[in-house]
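Peer 1: take this sequence and fold it.
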Amino acid sequence: MKKTVKRITSDILLIIIILVNLIPFIYMFLMSFKSTINAYDLDFSLNKMTLAQYQKVLSLDHFGQYIFNSCFVAVAGVLLTVVVCALAGYAFAKMDFKGNNAIFIGIVMTMVVPSALILVPLFLIVKNLGMLNTYSALILPLPTAFGVFIIRQAILDVPNELVDAAKIDGCGNMKTFIHVIFPLIKSSILAVAIFTFVGAWNNYIWPLVACTKPEMKTLPLALDMMKTQYNADVGLTMACAVINFLPPFLFYLFMQGKFKEGMTLSGIKG
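Peer 2: All right, here's what the predicted structure looks like:
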């Protein structure tokens, strides 16, 4: 009886927590169908709901270009991050070379450095390389030490016997990684891909600094620019937030299933 009461109590508590966390998203979605400057206007009757805010956003000049820029940067950033972090993680986890641990610790230590602190040096490097207002400037800085750390830790769990067996069969480091390591760390790679996509899509400060041409702006920059063109319309702000929120949310929902599949595939049977 006590276990039943405890379980019901915990279930109710979890439901309350979920509902509390859903309230901001429900508010954002409902307010996006209104035109009001009052953030506390909670009258959601049908006669006051309108699609005018979404029409304003979709009629934004070069809206398609902004969508393409964000999608291209996010997808290319995911591919680059996965390749760089996976290969680096494999090298640090399974290859014995001088300074392995010292270099890895140095890379991990960069995780404690605030991103705002490297903004000016990164801008000067990109400027001197002539990459301002290019996709390269938006994509190349996306791989981080976090991805290397996550994948390295996953590869450390792969038994060395599997790597040794692959090398005995004549596989080099690249073949060993592709045919032995990669299938066993899919869950970690997918997790890094999710974090990278969401981070790249929502990135605001760096694109604002690196891209001054309108045609190179990403969607968050374009929507923020649009909000400043109108009065403090809460509905327009929420419509912009919904449009910017949906792509990474849908990407996460899609990858979540793949993430669970990767967790199953990464099991090692004795």
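
Peer 1: the residue lying closest to residue 185 once chain neighbours are set aside: neighbour count?
Peer 2: Spatial nearest neighbour of residue 185, excluding adjacent residues (CB to CB, 6 or more residues apart in numbering): residue 154 at 4.3 Å. Where C-beta positions appear, they are placed from N, C-alpha and C, glycine not excepted. Close neighbours of residue 154, defined as other CB atoms under 10 Å, add up to 22.

Peer 1: helix or strand for residue 154, which one?
Peer 2: Mapping residue 154 onto the secondary structure by DSSP states H and E places it in helix 145-156.

Peer 1: buried stuff in that helix?
Peer 2: Of all the residues in helix 145-156, those buried under the rule 16 or more other CB atoms under 10 Å are 145-152, 154-155.

Peer 1: over to stretch 154-164?
Peer 2: Taking 16+ other CB under 10 Å as the basis for neighbour counts, the residues of stretch 154-164 that come out buried are 154-155, 158, 163.

Peer 1: quick one: terminal-to-terminal distance for that stretch?
Peer 2: Chord length of stretch 154-164, first to last residue, is 18 Å (CA to CA, to the nearest Å).

Peer 1: please apply the same query to stretch 107-114.
Peer 2: Across its full length, stretch 107-114 reaches 14 Å between end residues, using CA to CA.

Peer 1: what about the helices in the stretch 1-150 of the chain?
Peer 2: If DSSP state H, counting those that start in this stretch is used as the criterion, the helices of the stretch 1-150 of the chain fall at 2-31, 52-58, 63-94, 100-109, 119-128, 135-139, 145-156.

Peer 1: what's the per-residue pLDDT of residue 110 here?
Peer 2: pLDDT, the model's per-residue confidence, is 88 for residue 110.

Peer 1: so what's it closest to, chain neighbours aside?
Peer 2: In this structure, residue 110 finds its nearest non-sequential neighbour in residue 145, 4.9 Å apart by CB to CB, 6+ apart.

Peer 1: what sits against that neighbour?
Peer 2: Neighbour list for residue 145: 107-108, 110-111 [criterion: CB atoms under 8 Å, 6 or more residues apart in numbering].

Peer 1: any idea which helix or strand carries the most centrally placed residue in the chain?
Peer 2: By CA atoms, centre = their mean, the mean C-alpha position of the chain lies nearest to residue 198, the distance being 2.2 Å. In this structure, residue 198 is located in helix 186-202 according to DSSP H and E.
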